[in-house]
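*Asks:* sequence isn't available, so here's the structure alone:
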């Protein structure tokens with residue numbers, strides 16, 4: 001991303017990332033879905 005930052009003339013990689021590194025809902029769902037089963041299993045055996 002530093003090369004892209006330079007090409008676009010941004011002052012920092014953070015600006016480039018904020019503008020161009022979007023996380024879509026589909027990406028979030030793929031990241032979270034493995035935890036669904038873990039949390040369901042933990043919830044069924046968890047005690048308060």
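*Replies:* Looks like it arrived, so ask away. As the structure is a computational prediction, the values presented were derived from the model and not from experiment.
*Asks:* helices of the protein, start to end?
*Replies:* For the chain, the helices defined by DSSP state H cover 2-8, 13-20, 25-45.
*Asks:* deepest-packed of those, please.
*Replies:* Each of those was assessed for mean neighbour count using mean count of other C-beta atoms under 10 Å. The highest is helix 13-20, with a mean of 13. C-beta: built from backbone N, CA, C; applies to glycine.
*Asks:* quick one: contacts of that helix?
*Replies:* The set of residues external to helix 13-20 that reach it, using C-beta atoms under 8 Å, 6 or more residues apart in numbering, is 1-2, 4-5, 8, 10.
*Asks:* put together JSON lines for those, with pLDDT on each row.
*Replies:* Rendered in JSON lines, the data for those read as follows (pLDDT from 0 to 100):
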{"residue": "1", "pLDDT": "86"}
{"residue": "2", "pLDDT": "91"}
{"residue": "4", "pLDDT": "91"}
{"residue": "5", "pLDDT": "93"}
{"residue": "8", "pLDDT": "94"}
{"residue": "10", "pLDDT": "95"}
